[in-house]
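Asker: Sequence and predicted structure below; questions after.
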Amino acid sequence: MDIRDIFKEKDKYLDKEVTLSGWIRSHRDQKTFGFIDFSDGTCQEHLQVVYSDSLENFNDITKLSLGSAIEVKGTIVKSSGKQDIELQAKNITLLGDCPDDYPLQAKGRPTREFLREIAYLRPRTNLFQAVFRVRSVAAYAIHKYFQERGYVYFHAPLITSSDCEGAGEMFQVTTLPIDKIKGEVDYSKDFFGKMTNLTVSGQLEAETFALAYKKTYTFGPTFRAENSNTKTHASEFWMIEPEIAFCDLEADMDIMEEMLKFIVSYVLENCPKEIEFFDSFVEKGLKEKLTKLVNSHFTRIDHEEVIKILKEAPNKWEFPPEYGEDIAREHEKYITEYFNGPVFIKNWPKDIKAFYMKQNPDGKTVAAVDLEVPGAGELIGGSQREEDYDKLVKRMEELGMNANDMEWYLNLRKFGGCVHSGFGMGFERLLIYLTGVDNIRDVIPYPRTPGNCEY
């Protein structure tokens with residue numbers, strides 16, 4: 001039996017005998033009785049275990065230390081304290097002792113920086129119990145959304161010879177003896193016979209499935225060898241990337257909005273205790289923020305119009321907005337406040353976007369879109385993909401790309417190609433938004449960042 005079951009149906013278990021296994025989160029012993037804050041990890045709530053000197057092993061129980069694994073047999077009763085119910089113990093058995101140098105002691109609240117140093121113990125704290133349960137529930141919500149709508153789940157390759165974004169910030173995969181390589185590398189002698197890397201995106205491969213199944217999505221790890229130490233960057237992170245055939249940019253935005261509202265609603269409904277915890281101890285007003293998003297109108301506006309609004313704003317910008325350029329975090333914040341809700345910024349300048357994006361008739365912009373949400377900035381980025389073979393080849397040539405290396409991708413435009421679109425959403429960025437925990441290192445179990453690859 002789990003503690004979760006008891007809290008779900010408290011009345012059903014009142015005055016019933018139960019047997020539970022879990023861990024001691026705190027322990028107060030007195031002369032003739034004691035209290036154990038008991039958790040088995042199945043829910044955010046803990047159960048208070050009360051024991052008395054009527055137990056044969058009372059003296060041994062009083063010595064049980066924080067972190068120890070125990071089995072408790074007893075009766076669920078109404079509590080006279082702050083909690084609704086408690087467990088009156090009839091027998092407590094030690095299953096796994098815990099020494100006094102256990103890092104998670106009851107005195108003081110450990111900092112998040114300290115907990116990163118002992119990441120293997122983070123899930124035992126209230127904060128990270130909540131974070132990683134929300135991560136699990138949100139992941140399920142993503143699959144639920146797409147599966148219920150007929151999408152095929154596609155497992156994109158993690159080792160690839162193509163660079164989706166043309167960024168060049170990729171981790172190289174090789175079996176060559178690095179310490180012996182001098183001068184130019186002969187990749188024909190490498191494991192795959194060519195240069196290969198860890199993927200930065202599964203999009204290009206997902207397009208091949210979209211043009212067979214109509215609707216597909218990837219949800220898996222991606223990698224960036226970017227030497228960045230900001231709160232929102234990691235070298236390994238998870239991405240949700242749907243690709244949809246016969247779908248233009250407007251329909252793409254419809255899907256983004258529906259998907260995001262579905263996920264947020266699902267988490268609000270299925271993680272109420274976790275959301276309450278975050279609202280109380282991490283980000284005041286979090287529940288209200290998430291509820292407002294679910295009920296919000298999502299504005300749609302061109303990039304050019306956004307720049308016009310920013311230029312006319314009374315603000316003194318650290319980074320002055322300019323036509324044809326990207327927008328900064330301060331601009332994202334202003335524009336969501338200006339429209340009092342989420343904003344789709346669409347039709348971006350061609351020169352700052354990826355090669356595969358649909359070129360608009362004006363020759364200056366592409367059918368790309370970023371979704372900006374209040375309090376988080378950019379959360380989703382997508383585009384209609386260029387389906388015109390000649391235009392795509394020309395754009396690749398302009399960017400100095402080798403079209404021969406991407407023949408398979410270009411052939412999608414020759415062999416029954418059609419209008420198609422897609423988008424990408426960083427899972428950890430979504431979790432930052434859902435939990436209020438503002439550092440990507442604290443919403444992924446074992447963060448991989450420059451200079452850090454522990455565990």
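Answerer: That came through fine. Residues are numbered from 1 along each chain as shown.
Asker: quick one: residue 374 and residue 289 touch, right?
Answerer: Yes - with contact defined as Cβ atoms under 8 Å, residue 374 counts as touching residue 289 (7.1 Å). Bear in mind the C-beta positions are built from the backbone N, C-alpha and C, glycine included.
Asker: Can you report how many residues neighbour residue 74?
Answerer: 20 (other Cβ atoms under 10 Å).
Asker: buried stuff in stretch 301-310?
Answerer: 301, 303-304, 306-307, 310 (16 or more other Cβ atoms under 10 Å).
Asker: Can you list which of those residues are found in strands?
Answerer: Within those, residues falling in strands by DSSP state E are residue 301.
Asker: So which of the buried residues of stretch 301-310 is the closest to residue 420?
Answerer: residue 303 (21.8 Å; Cβ to Cβ).
Asker: that's a helix at residue 72, yeah?
Answerer: No - counting by DSSP: H, G, I helix; E, B strand; the rest coil, residue 72 falls outside a helix, being strand.
Asker: where does the stretch 251-400 of the chain have low pLDDT?
Answerer: Residues of the stretch 251-400 of the chain meeting the criterion pLDDT under 70: none.
Asker: so what's residue 52 closest to, chain neighbours aside?
Answerer: If the residues on either side of it in the chain are set aside, residue 52 comes closest to residue 33, at 4.5 Å by Cβ to Cβ, 6 or more residues apart in numbering.
Asker: same check, this time on residue 441
Answerer: residue 447 (4.1 Å).
Asker: what about the one you found, neighbour count?
Answerer: Residue 447 has 21 nearby residues by other Cβ under 10 Å.
Asker: again, but for the one 4 residues further on
Answerer: Counted with other Cβ under 10 Å, the burial measure for residue 451 works out to 7 neighbours.
Asker: repeat for residue 28
Answerer: Around residue 28 there are 11 residues (other Cβ under 10 Å).
Asker: do residue 178 as well
Answerer: 9.
Asker: still on that earlier bit, state the distance from the residue nearest to residue 52 to residue 146.
Answerer: Taking Cβ to Cβ, to the nearest Å as the measure, residue 33 falls 53 Å from residue 146.
Asker: Tell me which of the two has more neighbours.
Answerer: Using other Cβ under 10 Å as the criterion, residue 33 and residue 146 rank with residue 146 on top: 21 against 16.
Asker: dump the residue contacts of the more buried one.
Answerer: Listed by Cβ atoms under 8 Å, 6 or more residues apart in numbering, the contact set of residue 146 reads 153, 215, 217, 242, 259.
Asker: what's the distance between the residue nearest to the second one when sequence neighbours are not counted and residue 423?
Answerer: Meaning residue 215. Distances taken as Cβ to Cβ, 6+ apart put residue 151 closest to residue 215, at 4.4 Å, once the chain neighbours are dropped. Per Cβ to Cβ, residue 151 is found 13 Å from residue 423.
Asker: same check, this time on residue 160
Answerer: 20 Å.
Asker: ok, the two, which is more surrounded?
Answerer: Higher neighbour count among residue 160 and residue 423: residue 423, with 24 against 19, using other Cβ under 10 Å.
Asker: any idea how far residue 206 is from the more buried one?
Answerer: Distance, residue 423 to residue 206, using Cβ to Cβ: 11 Å.
Asker: Between those two, which contacts overlap?
Answerer: 241-242.
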